[in-house]
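[1] got a predicted structure plus its sequence, pasted below:
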Amino acid sequence: MPVISASRNGVAGGSSSAVQQLAASIGSATVTSVFFGAFADGAVPALPSTLLVVLGITAVCLLAAPFLPRKAAILEL
C-alpha cells in the first residue's frame, strides 16, 4: 500500500480532483456527441441510442469498480 507524506496530501487530493473532473467532462462530451450525432432523425429516435451509450458506460464502470483499492493510503506524519 502506498505511503503519502503529510506534505504531499494536497498534491494527491488535487490530482484526484483533476482526474474526476476530466472523466466527467469526457463522459459528458461522449453522451452529447452521440445524442447530437443521432439527432438528424429527430430528438425521439436519438434518445434510445444515447441511453444505450449511458448504460454501456455505466456497465464498464461497474465492472471496473472491484479493481479499485479497498483501503486509503497510509499517511506518514
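    Ah, there it is.

[2] tell me the mean pLDDT over the helix or strand Ala29 falls within?
    If you go by DSSP states H and E, Ala29 is part of helix 9-38. Confidence over helix 9-38 (mean pLDDT, whole number) is 88.

[3] show me what counts as buried in the very next helix or strand once past it.
    Past helix 9-38, further along toward the C-terminus, the next helix or strand under DSSP H and E is helix 43-64. If you call a residue buried by 16 or more other C-beta atoms under 10 Å, then helix 43-64 has these buried ones: 46, 50, 53. All C-beta spots, glycine's among them, are computed from the backbone N, C-alpha and C.

[4] and helix 43-64, what other elements does it pack with?
    If you count contacts as 3 or more C-beta pairs under 8 Å, 6 or more residues apart in numbering; DSSP states H and E, helix 43-64 packs onto helix 9-38.

[5] buried stuff in the helix it packs on?
    By neighbour count on 16+ other C-beta under 10 Å, the buried set for helix 9-38 is 34-35, 38.

[6] tabulate the residues you listed in CSV, adding columns for distance to Gly14.
    Formatted as CSV, the buried residues of helix 9-38 follow (distance: C-beta to C-beta, whole Å):
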residue, distance to Gly14
Val34, 31
Phe35, 32
Ala38, 37
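
[7] so which of those is the closest to Leu63?
    Val34 (20.2 Å; C-beta to C-beta).

[8] Thr50 and Val31 touch, don't they?
    Yes - if you go by C-beta atoms under 8 Å, Thr50 and Val31 touch, sitting 6.1 Å apart.
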